[in-house]
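In: Based on what follows, work out the 3D shape:
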Amino acid sequence: MSKLAKTWALKAIFAGALLLILVAAPAQSATYRWVGPGRLWQDAANWQPNGVPGAGDSATIGPNFSIDLSSDVQVDRLTLGAGTRLTGGGDLSIKSGESVFTDARLSGSGLFRVEEGATLSIRTVGYSYGAIPAVTGTPRISGNVNTRFDRHVLNFGAINWSGGNLLIYKSLNNTANAIIRIRGVGALVRDPVAVSSITNTGTIIKAVSSNLELDDTNDDTRLNLPFNNTGVFTAQTGTLYFYNTFTQRSGETQLKGGSIFSQSEMIYNGGRLNGTGTVQGSVRNNGAVFAPGSSPGMVVINGNYTQTGGGTLQMEIGGVTAGTQYDQLVISGTATLDGTLNIEQFNGFVPVGGNSFQLLKYLVASGNFASVNNLFPSPGFYFTTSKAPSYLVAQTVADATIPTVTMTTPRTDTGYASLPQARGTAADVGSGVAAVTVKLFRYAAAGITAGYWNGTTWDVAYSAANELPATGTTSWNWTVPALAAGKYDLTATARDIAHNSKVGTKTIFWIDTTIPSAVAITSHAANAVVFNLNAVSGTASDAGSGLKRVDFRIKKVSDLTYWNGTGWVASSTTYVSTTLNGGTWSRTNSAGTPMPTGALLPAGSYQLTALAVDKAELKKAVTISITVQAAAPTPAGVSTLEDASQ
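Out: As a prediction, this is how the structure comes out:
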């Protein structure tokens, strides 16, 4: 190849490589600034540099522009100046980094999405979109709307609201793992003709030293914006005002030094309400856990507190001083009580008999807790609660009495073809029985490993998960799982309210569906001729739960009567007992076990039946026929010709 050809070849290779580099290089993000004069976002001529910002770009608009989103728009970051309005049917999404909206308005029918990883900061310089609108039948809020969202807002990232009055025309949905931080003075309001609401499944934090009136706020005017909580809602400082409904189905409301004002009753259908602070309004606990204090502390409700049957009030006790050493709930109005009161230990504190704790203070009270649980791990005392005219007090009572527990089913050393339920009783003369648990163990057998039942399967090693709750206390029952044939034991434990406990006697039982394997009469051969029935014997065996007994029956064929131990009766179910020793059974004529003799045993035909019964009451029988012959006079020097077996 000539030198010139080599040169052109190298140039071609270099050019190709450069082209590959240029093609492979990722597109660089750009920063666009709106210059107009048009209104269409998708018109490149409205941007500087010329082009349309995309998902990886930043865009800055404002102030006082009106822009139409005719199709969906995604940008990395977006800055909107005061008086700027975005409208149109396209969705708007900010992708990552921090976007800043200062007194902006989002109109149109599309969605507004703050994506995961993105942060939106809402700020104000006092621009007005008009006075906060009045709603018929509600007090009026004074002030002007500074930022307005006419679109549905979906937050997957973070929103920092640092001030100004924000109008929500449709809905604000704070999704799981998203966060809204409220850090300024302002009002969150709705348009009077819209159906607006806030739904929180993520986290909303009120963190500012001055008051923020949340949900159509201001002392002058109030608009309605329902708040639905299934996430975490935290009041750190200042006051949050709710002038419409507040409903919590799950999640948590945290009072961490801040206070809450609610014009209507706050409804807690689930989740938790905890912390230290003040609620200006009434609270209804239908199914939540209300835990006043921050281990421990005090909550003040300037209103009424209603707890229905599904609610729980959880109070920690770590000393004898209210509010600092044990939790206290102060209610300025009426306390209507039901449901559960849980009294829990804090910081290892163990009270002594006679200590008293004013857990609730109120103006008046009605009803009472349906159950009070002493959840202290230390046994030896329990709490009694009583209502005074202005407070409910819990007082400790010493209790060292151990409860008793018995098991009536299964019976020990017994077999069952099936065992649907275990039953028993428990008693305690002190605080009373709080609960009964059972522990079921199976023994190893062919193809079966030993283990403890946990409600689903068998554990090789015992743990607390193998203590399963029974139903009831003084009279209890427990549904037994379907059991394979084999040997088991069942133990019941009773615990009283003072946490004293008693482990009952272990009950060993069998599940057995197999009848005894064999039974025989060996003292007489079938069709033998005998002269008396002074003694009978035989053998029996069982491969399952084991033999329980062998019963014996004598039938006189001539009149179809049966020996009952003293005479002959007509019932065919008449048996007499035998002595069982291992695999051998026997019955010998004695005062305690009489057999027919003399005139009670006339010559004739008889049937002998041995009935083997195992511990599961399963049975196997064998019957032979014999003939009883009257004994002839015996000449002197001649041996008796009785059957050899006699």
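
In: got a list of what the nearest residue to Ala465 once chain neighbours are set aside touches?
Out: Counting by CB to CB, 6 or more residues apart in numbering, Ala465 lies nearest to Asn454, which is 4.9 Å off, once chain neighbours are set aside. For glycine as for every other residue, the C-beta is placed from the backbone atoms N, C-alpha and C. Residues in contact with Asn454 (CB atoms under 8 Å, 6 or more residues apart in numbering) are Ala465, Asn466, Leu468.

In: So which residues of the stretch 1-150 of the chain form helices?
Out: Ranges of helices in the stretch 1-150 of the chain, per DSSP state H, counting those that start in this stretch, are 3-24.

In: Can you name the next helix or strand after the helix or strand hosting Val330?
Out: Val330 belongs to strand 328-331 when elements are defined using DSSP states H and E. Note on strand 328-331: by DSSP H and E, the next helix or strand toward the C-terminus is strand 334-337.

In: Given that next one, what are its sheet partners and their directions?
Out: strand 305-307 (parallel), strand 364-367 (parallel) (DSSP bridges).

In: which outside residues touch that strand?
Out: For strand 334-337, contacts defined as CB under 8 Å, 6+ apart pick out 304-307, 360, 362-369, 392.

In: From those, list the buried ones, please.
Out: Neighbour-count burial (16 or more other CB atoms under 10 Å) is assigned, among the contacts of strand 334-337, to Asn304, Tyr305, Thr306, Gln307, Leu360, Tyr362, Ala365, Phe369, Leu392.

In: Out of those residues, the closest to Ala207 would be?
Out: Tyr305 (26.5 Å; CB to CB).

In: Show me the beta-bridge partners of that closest one.
Out: Counting by DSSP bridges, Tyr305 is bridged to Val283, Ala335.

In: So which bits of the helix or strand harbouring Arg495 are buried?
Out: Here Arg495, judged by DSSP H and E, is contained in strand 486-496. For strand 486-496, burial by neighbour count (16+ other CB under 10 Å) applies to Gly486, Lys487, Tyr488, Leu490, Thr491, Ala492, Thr493, Ala494, Arg495, Asp496.

In: Check stretch 588-595 too.
Out: Thr593, Pro594, Met595.

In: ok, so of these, who is nearest Thr479?
Out: Nearest member of those to Thr479, counting by CB to CB, is Thr593, at 42.7 Å.

In: I'd guessed Ser196 sits against Arg190; true?
Out: Yes - distance between Ser196 and Arg190: 3.7 Å, which falls inside the contact criterion (CB atoms under 8 Å).

In: what sits in contact with each of these two?
Out: Ile168, Tyr169, Leu225.

In: which sections of the stretch 501-646 of the chain are below the confidence cut-off?
Out: 632-646 (pLDDT under 70).

In: what about the strand holding Val330, distance to the chain center?
Out: Relative to its chain's centre, strand 328-331 lies at 28 Å (CA atoms, centre = their mean, to the nearest Å).

In: So what touches that strand?
Out: Counting by CB under 8 Å, 6+ apart, 290, 292-293, 298-301, 303-305, 313, 315, 322, 358-363 sit against strand 328-331.

In: Let's see that with 7 Å instead.
Out: Identification of contacts with strand 328-331 by CB atoms under 7 Å, 6 or more residues apart in numbering yields 292, 298-301, 304-305, 322, 358-362.

In: now do stretch 356-364
Out: Residues from elsewhere that reach stretch 356-364, judged by CB under 7 Å, 6+ apart: 315, 317, 322, 326-335, 390-395.

In: one more time with 8 Å, if that's ok
Out: With CB under 8 Å, 6+ apart as the criterion, stretch 356-364 contacts 305, 315, 317, 320, 322, 326-335, 341, 343, 385, 389-396.

In: Neighbour count says what about the residues you listed? Which are buried?
Out: For the contacts of stretch 356-364, buried by 16+ other CB under 10 Å: 305, 315, 317, 322, 326-331, 333-335, 341, 343, 385, 391-394, 396.

In: which stretches of the stretch 101-250 of the chain have low pLDDT?
Out: Low-confidence segments of the stretch 101-250 of the chain, defined by pLDDT under 70, span residues 135-141, 208-224.

In: Check the offset of stretch 606-615 from the chain's centre.
Out: With CA atoms, centre = their mean, you get 54 Å for stretch 606-615.

In: C-alpha coordinates for that stretch, CSV please?
Out: Coordinates of the C-alpha atoms in stretch 606-615 are reproduced here as CSV (Å, rounded to 0.1, in the frame of the first residue of the first chain):
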residue,chain,number,x,y,z
TYR,A,606,-72.6,-72.1,77.1
GLN,A,607,-70.8,-69.4,75.0
LEU,A,608,-67.7,-67.6,76.4
THR,A,609,-66.8,-64.2,74.9
ALA,A,610,-63.6,-62.2,75.6
LEU,A,611,-63.8,-58.5,74.5
ALA,A,612,-60.4,-56.6,74.3
VAL,A,613,-60.8,-52.8,74.6
ASP,A,614,-58.0,-50.4,73.8
LYS,A,615,-57.5,-46.9,75.2
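
In: For it, buried residues please.
Out: Quick answer for stretch 606-615 (16+ other CB under 10 Å): Tyr606, Leu608, Thr609, Ala610, Leu611, Ala612, Val613, Asp614, Lys615.

In: try stretch 463-471
Out: The neighbour-count check on stretch 463-471 (16+ other CB under 10 Å) flags Asn466, Glu467, Leu468, Ala470 as buried.

In: Can you give the contact residues for it?
Out: Against stretch 463-471 from outside (CB under 8 Å, 6+ apart): 422, 435-440, 452-455, 459, 476-478, 492-493.

In: Need the buried ones from those selected in PyMOL.
Out: Applying 16+ other CB under 10 Å to those leaves a buried subset, and the PyMOL line that selects it is:
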select buried, resi 422+435+436+437+438+439+440+452+453+454+476+477+478+492+493
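
In: Mind checking which of the contacts of stretch 463-471 are in strands?
Out: 422, 435-440, 452-453, 459, 476-478, 492-493 (DSSP state E).

In: Just give me the closest of those residues to Ser250.
Out: Ala435 (26.8 Å).

In: wait, what's in contact with the closest residue in space to that closest one that isn't next to it in sequence?
Out: Leaving out its chain neighbours, the residue that sits closest to Ala435 by CB to CB, 6+ apart is Arg495, at 5.2 Å. Contacts for Arg495 (CB under 8 Å, 6+ apart) come out as Pro403, Val433, Ala434, Ala435, Val436, Thr437, Ser501.

In: what sits opposite the last one in the beta ladder?
Out: Going back to what we said before, that points to Ser501. Beta-bridge partners for Ser501, by DSSP bridges, are Arg495.

In: Next up, the contacts around it.
Out: Pro379, Ile402, Pro403, Thr493, Ala494, Arg495.

In: can you put those in JSON lines and add pLDDT?
Out: Formatted as JSON lines, these follow (pLDDT from 0 to 100):
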{"residue": "Pro379", "pLDDT": "91"}
{"residue": "Ile402", "pLDDT": "96"}
{"residue": "Pro403", "pLDDT": "97"}
{"residue": "Thr493", "pLDDT": "98"}
{"residue": "Ala494", "pLDDT": "98"}
{"residue": "Arg495", "pLDDT": "96"}
